[in-house]
Structure formats: C-alpha cells, structure tokens
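A.B. asks: below are the sequence and a predicted model for it; my questions follow.
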Amino acid sequence: MKKTTQFVLLCISAVALTGCFTDNGSFPKPSANFTPKQTYAVGYDKLWNGILDTLDKNRITTVGLDKASGVIQTDYIAGPGQFMIVAAQSTRYKYSITLRNEADGSVRMNVVCKVESSMSGSAGSQWRDVTPSNAALTTKLETWLYEQIEQDIK
C-alpha cells in the first residue's frame, strides 16, 4: 500500500510539474536564401504601417511605438522550452525596430532581436540575455521578421 501511495504521489507531482510548463514549438525560420534589403524604396508611412500589419498578423504585441523617432519595441515572444527532471528551461525574445529616412528618399529599417533564457526550478527563475552566445539564432529571427515585413509591403 505504501509503495502504491508513493507511486501515485510521484505521478501527481510529474503531472503538476509538466502542467506548469508550456513548450511553444520552435522558433520561426526565414525561407532558405532570403536576404533582407534593409533599405526600402517605399514611403516612411507605408513601411511603418507594413511593420505594424506584420506584427499584428504574427500576433506580436508592441510595448512601445514612436513614429516620429522611428522606433518600435515589441513585447517578449515565448520561444520553445525544455522540461528537465527538476527544472524547465524557457526562452523568449523580442524585437527593436528602427526606421530612418535616407537622403535618396528611401527608408532604412534595422531589426534587432534580443534572446533571453531562464531556468525554472525550486529556487525560482531569472531571465538572462543569451543573445551574444546565440548569434545564429538571433540572425535567423531577425531575418524572419525582415522577410515577413517585406512580404507585407509589396
């Protein structure tokens, strides 16, 4: 009876721990061989609105918009995670997008992605910036957003 009770408690604990963890699949990826233009021969307003449409379409919320200075800040987006025996590793990322008018009438767009990671366990969790050690992932996430925006401003 004691072993059965221990087994039931172990199963309940495992279900409770996994029930608190969400794996959001995988990071978005750009198409193969896609290269962002970064300078666009469209009006500032068209590019600005195209960015906002892209963010809306991809369910990415904004936390800061300043059209006059050309800055858009997104909220964090949950990335994939991994459940381990006593802890869970989670990732999240966000974008900072800037627009600048160029002398030739084009608009320059810069997308910067920040990736963070957290280990959740019995001691709690704290997010840390892992962008420098994940340059390839960061570049893929930035390139993916460029591609999404370019598709929306055509």
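C.D. replies: Done, it's in. Keep in mind that what you see is a predicted model, and the values were worked out from it rather than measured.

A.B. asks: state whether V63 is indeed within a strand.
C.D. replies: Yes - using DSSP: H, G, I helix; E, B strand; the rest coil, the assignment for V63 is a strand.

A.B. asks: surely it and I77 touch.
C.D. replies: No - counting by Cβ atoms under 8 Å, V63 does not reach I77; the two are 11.6 Å apart. From N, CA and C alone the C-beta is placed, and that goes for glycine too.

A.B. asks: all helices for this structure, in order.
C.D. replies: 2-19, 44-57, 135-152 (DSSP state H).

A.B. asks: mean pLDDT lowest where, among these?
C.D. replies: Lowest mean pLDDT within the helices of the chain: helix 2-19, at a mean of 46.

A.B. asks: quick one: pLDDT of I85?
C.D. replies: With respect to pLDDT, I85 has a value of 51.

A.B. asks: ok, the one 10 residues further on next?
C.D. replies: Per-residue confidence at Y95 stands at 98 (pLDDT).

A.B. asks: which residues touch it?
C.D. replies: Y95 is in contact with I60, I72, Q73, T74, V111, V112, C113, K114, L141, E142, L145, counting by Cβ atoms under 8 Å, 6 or more residues apart in numbering.

A.B. asks: identify the bridge partners of it.
C.D. replies: Bridge pairing for Y95 (DSSP bridges) gives the partners C113.

A.B. asks: do the one 5 residues further on as well
C.D. replies: As for beta bridges, R100 partners with R108 under DSSP bridges.

A.B. asks: so who does it touch?
C.D. replies: Going by Cβ under 8 Å, 6+ apart, R100 touches G70, V107, R108, N110.

A.B. asks: now do T74
C.D. replies: Counted by Cβ under 8 Å, 6+ apart, T74 has contacts L55, I60, T61, T62, V63, K94, Y95, S96, I97.

A.B. asks: just the buried residues of those.
C.D. replies: Buried members of the contacts of T74, scored by 16 or more other Cβ atoms under 10 Å, are L55, I60, K94, Y95, I97.

A.B. asks: distance to I149 added to the residues you listed, as TSV?
C.D. replies: Formatted as TSV, those follow (distance: Cβ to Cβ, whole Å):
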residue	distance to I149
L55	9
I60	11
K94	16
Y95	11
I97	8
